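Novice: Next come a sequence and a model predicted from it.
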Amino acid sequence: MDQWVSELKRFNVNARVLEGRDLARLQASLPEGWYIASMDLAKRQQYLDRVASVSWDTVIVDEAHRASVTRGNPTQRYQLVRRLSERRDVNLILLSATPHRGYEDDYLERLRLVDPHLSDDLGLLNTDEFYRLTLNSIVFRRTKLDVNDVYEKREVFKGCKFIARIVAASRVEEEFYEELLLFLRRKFQELHVELGDSPKALPLLLTIIAKRASSSPYSALLTLERVLERKARMLVSVEELDREAESIVESYLGVGFEDYGLDDLREPDEVIGEFASRCGVLLSERDLEDLRRLVELAMSIIEEGDSRLRALVEILRDRLSRGERVVVFTEYKDTATYVYRRLRELLPEYWDSVALITSGEVRLPEWIEPRRPSIEDLKRYLRMGRVKVVISTDLASEGLNLQVASVLVNYEPSWSPVKIEQRIGRIWRLGQERDVTAYTLLLAVDIDRDVVDILYKKLLALGRALSVTKVPLGEDVEIDMRSRDESIIVPALAPGSGGPGFSEYKAMVTFKVR
């Protein structure tokens, strides 16, 4: 909201921010002017009717992808925007850098907010012809390339190159992921046989284990240990676990950080860890024995060497030696803390310029200041060059503009195209003075390959709907020469082909064996 107030002042517009006490006293007729309110505040039941009763001339919804429909169920944010759009005389503008989250129905429901005359049958709308007709009629896009080449005729936005680096897995890593997949497949097969009676929480638990394992061995280790605790053997019912599972899926699994609401301001680690410890009651003794073996292997990876972490250190050494600054994004606080601590021993020559930011803390290099630092302190030292590397979780980075850095590393493959866009947008934005490079680290194992396959399908849906080439996985694919698995190669289409490519700057995939 503060950013909107600041930006509008540049156009000589003085906007009034509506806090909770203001929303509670809203009248149907307001004095002429501009008003700004938080979506997550306005959606609350005690304010919704009053906000919707006002005779707004125009409603502008920023970050409109947050008004979403999940598996056919409209979120509270979507219900808020729908109520505001129901008046026939209101002008509705939805703003988003990521209007498509990879799900056709969710995207089409947002289009129906803009044009209420569209068919209720979403199947009729999910066609190439319909998407083509929406462009420049109800959907208007302006890419960075448009700004440079069409509107400004100068380089306002620097270039951005995407690199997918495929990292060779060690012997113990291959063994860990092979045994993990065998365990997951066996459990899912058992669920398939028992379908109808099996708890909904169990598939989510298995998904969480796989997702955490694709982040870091430390993250996997903590989750497996929480399951093995079996704290709630007699204290929780299957029904309670199922309800909790539904809440976690909606709030935390595969979403972008801006999808978290005011009531969800906890890193996923805490919520998922508590859920995992209660789910131990759903597993058999054989399952627990398998998990104990996986714990041993995860500990061996941490002790013998983490290949993904090794690849990160190589990138940091290379980029920092060129005078660049780097932001490393990871989904989990556990992984962020693990990477931060390990860099002390693996990157000692740069350790005094590494910072950590999560929802709970901002940790600057020890020599800077003993007092508790703020995000503004971090941004200031980053601009000064005294901080050169920032390790950050998604939730911590909301609204954090870091265009002074020019290199971004996705530490693990994300399940969400929205999240990828949001991360890149932290540094590839107005004011960036260098060409940007964005890496995604992929371990040469089946779990990472499967995540990329799923993500690419979402990105194909996005590209089909918006007719854009904006699929930021990797224009260049760098294959570690120690890797025996070259199957994690994501296809791209040639320049000018009209299909989904890999960024706003069209490019073929090129291959580089390291």
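Specialist: That came in fine, so what should we check first? Numbering: from 1, shown residues only.
Novice: Name the single longest helix found in the chain.
Specialist: In the chain, assigned by DSSP state H, the helix with the most residues is helix 171-193.
Novice: May I have that one exported as CSV, CA atoms only?
Specialist: What follows is helix 171-193, C-alpha atoms only, in CSV (Å, rounded to 0.1, in the frame of the first residue of the first chain):
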residue,chain,number,x,y,z
ARG,A,171,26.7,-42.2,-5.4
VAL,A,172,25.0,-41.7,-2.0
GLU,A,173,22.6,-39.1,-3.5
GLU,A,174,21.6,-41.5,-6.3
GLU,A,175,21.1,-44.2,-3.7
PHE,A,176,19.0,-41.8,-1.5
TYR,A,177,16.7,-40.6,-4.3
GLU,A,178,16.3,-44.1,-5.7
GLU,A,179,15.2,-45.5,-2.3
LEU,A,180,13.0,-42.5,-1.7
LEU,A,181,11.2,-43.0,-5.0
LEU,A,182,10.8,-46.7,-4.4
PHE,A,183,9.2,-45.9,-1.0
LEU,A,184,6.9,-43.3,-2.5
ARG,A,185,5.8,-45.5,-5.4
ARG,A,186,5.1,-48.4,-3.1
LYS,A,187,3.0,-46.2,-0.8
PHE,A,188,1.1,-44.7,-3.7
GLN,A,189,0.4,-48.1,-5.1
GLU,A,190,-0.9,-49.2,-1.7
LEU,A,191,-3.1,-46.1,-1.7
HIS,A,192,-4.4,-46.9,-5.2
VAL,A,193,-5.4,-50.4,-4.1
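Novice: Buried residues in the next helix or strand after that helix, which are they?
Specialist: Once helix 171-193 ends, the next helix or strand along the chain (criterion: DSSP states H and E) is helix 201-213. Of the residues in helix 201-213, Ala201, Leu202, Leu204, Leu205, Leu206, Thr207, Ile208, Ile209, Ala210, Lys211, Arg212, Ala213 count as buried by neighbour count, 16 or more other CB atoms under 10 Å. All C-beta spots, glycine's among them, are computed from the backbone N, C-alpha and C.
Novice: which residues does the fourth one contact?
Specialist: Leu205 sits next to Val227, Ala245, Phe275, Ala276, Cys279, Leu282 when contact means CB atoms under 8 Å, 6 or more residues apart in numbering.
Novice: Report the two of these separated the most.
Specialist: Based on CB to CB, the longest span within these runs between Val227 and Ala245 and measures 14.2 Å.
Novice: and Tyr107, what element?
Specialist: Tyr107 belongs to helix 104-114, assigned by DSSP H and E.
Novice: before we move on, back to that, now, which of the contacts of Leu205 lie within helices?
Specialist: Using DSSP H, the subset of these located in helices is Val227, Ala245, Phe275, Ala276, Cys279.
Novice: what does the domain assignment say about the protein?
Specialist: The chain breaks down into these domains under automatic domain parsing: 2-143, 160-168+305-513, 171-304.
Novice: Export these to JSON lines and append columns for distance to Val150 and mean pLDDT.
Specialist: Output for those, formatted as JSON lines (distance: least, CB to CB, whole Å; pLDDT from 0 to 100):
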{"stretch": "domain 2-143", "distance to Val150": "8", "mean pLDDT": "91"}
{"stretch": "domain 160-168+305-513", "distance to Val150": "13", "mean pLDDT": "76"}
{"stretch": "domain 171-304", "distance to Val150": "28", "mean pLDDT": "76"}
